[in-house]
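Participant: Any chance you could fold what I've pasted below:
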Amino acid sequence: MFTIYSKTVKYAIATMVYLYNNNNNNYIKVKYIANECNIPIQYLAKIVQKLRHNEMISSIRGPSGGIKLSKHAASITIEDIISSLDENLMSDNICIMGYGTCHAHPDCALHFIWKDIREKITNGIELSTIQELENYHPENNKMKGER
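Facilitator: Next up, the predicted model:
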């Protein structure tokens with residue numbers, strides 16, 4: 001299967017959306033989020049470190065500790081999350097036909113179609129916020145109402 005973003009990006013977005021959907025200004029334990037979103041706890045702990053370091057989330061330690069969004073979800077874009085993970089916005093111009101990096105390969109029948117799609121995806125990610133994804137339920141990886 002062809003994927004544009006890594007599992008790390010998927011898990012980070014799921015975590016951020018979960019924090020937004022369950023935010024009553026309380027800190028939520030990472031262990032609880034990992035369980036609810038089906039993310040391995042060690043994997044999520046590493047993601048949380050990067051998100052915290054880049055001020056996407058705030059955290060406190062101790063019995064009542066956990067994490068929460070550090071700013072309003074309307075001001076956190078998907079691009080912000082991807083960048084905070086030190087990942088590229090669009091997998092370095094990946095070629096949909098498998099030629100490696102997209103560079104208008106003469107044998108690529110889909111180059112111009114893929115270039116347009118890639119630009120639309122990139123633009124959407126640059127503008128889409130966590131708040132706009134509120135109907136996404138990371139615990140089952142589906143949008144609300146989707147089967």
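
Participant: Could you use CA atoms for every contact and neighbour count after this?
Facilitator: OK.

Participant: what are the ranges of the strands in this structure?
Facilitator: In the chain, the strands defined using DSSP state E lie at 57-60, 66-69, 136-137, 142-143.

Participant: Ranked by average pLDDT, which of these falls at the bottom?
Facilitator: The weakest mean pLDDT among these belongs to strand 142-143, with a mean of 46.

Participant: Can you get me a residue count around residue 118?
Facilitator: Residues lying near residue 118 (other Cα atoms under 10 Å) number 17.

Participant: Would you mind listing the buried residues in the longest helix seen in the chain?
Facilitator: Longest helix in the chain, counting residues (DSSP state H): helix 111-127. Neighbour counts over helix 111-127 (16 or more other Cα atoms under 10 Å) mark 111, 114-115, 118, 122, 125 as buried.

Participant: same thing with stretch 61-81?
Facilitator: So stretch 61-81, judged by 16+ other Cα under 10 Å, has buried residues 66-69, 73, 76-81.

Participant: which one of those residues is nearest residue 16?
Facilitator: Using Cα to Cα, residue 69 is the member of the buried residues of stretch 61-81 that lies nearest residue 16, at 7.2 Å.

Participant: so who does that closest one touch?
Facilitator: 16, 19-20, 56-58 (Cα atoms under 8 Å, 6 or more residues apart in numbering).

Participant: By neighbours, which of the residues you listed wins?
Facilitator: Neighbour-wise, the contacts of residue 69 (other Cα under 10 Å) top out at residue 16, 27 neighbours.

Participant: Against residue 29, how distant is it?
Facilitator: 13 Å (Cα to Cα, to the nearest Å).

Participant: returning to that earlier point: helices or strands up against the longest helix of the chain?
Facilitator: When contacts are defined as 3 or more Cα pairs under 8 Å, 6 or more residues apart in numbering; DSSP states H and E, helix 111-127 packs onto helix 78-84.

Participant: what comes into contact with the helix it packs on?
Facilitator: 9, 12-13, 50-51, 54, 56, 88-89, 125-130.

Participant: What about those residues, which are in helices?
Facilitator: 9, 12-13, 50-51, 125-127.
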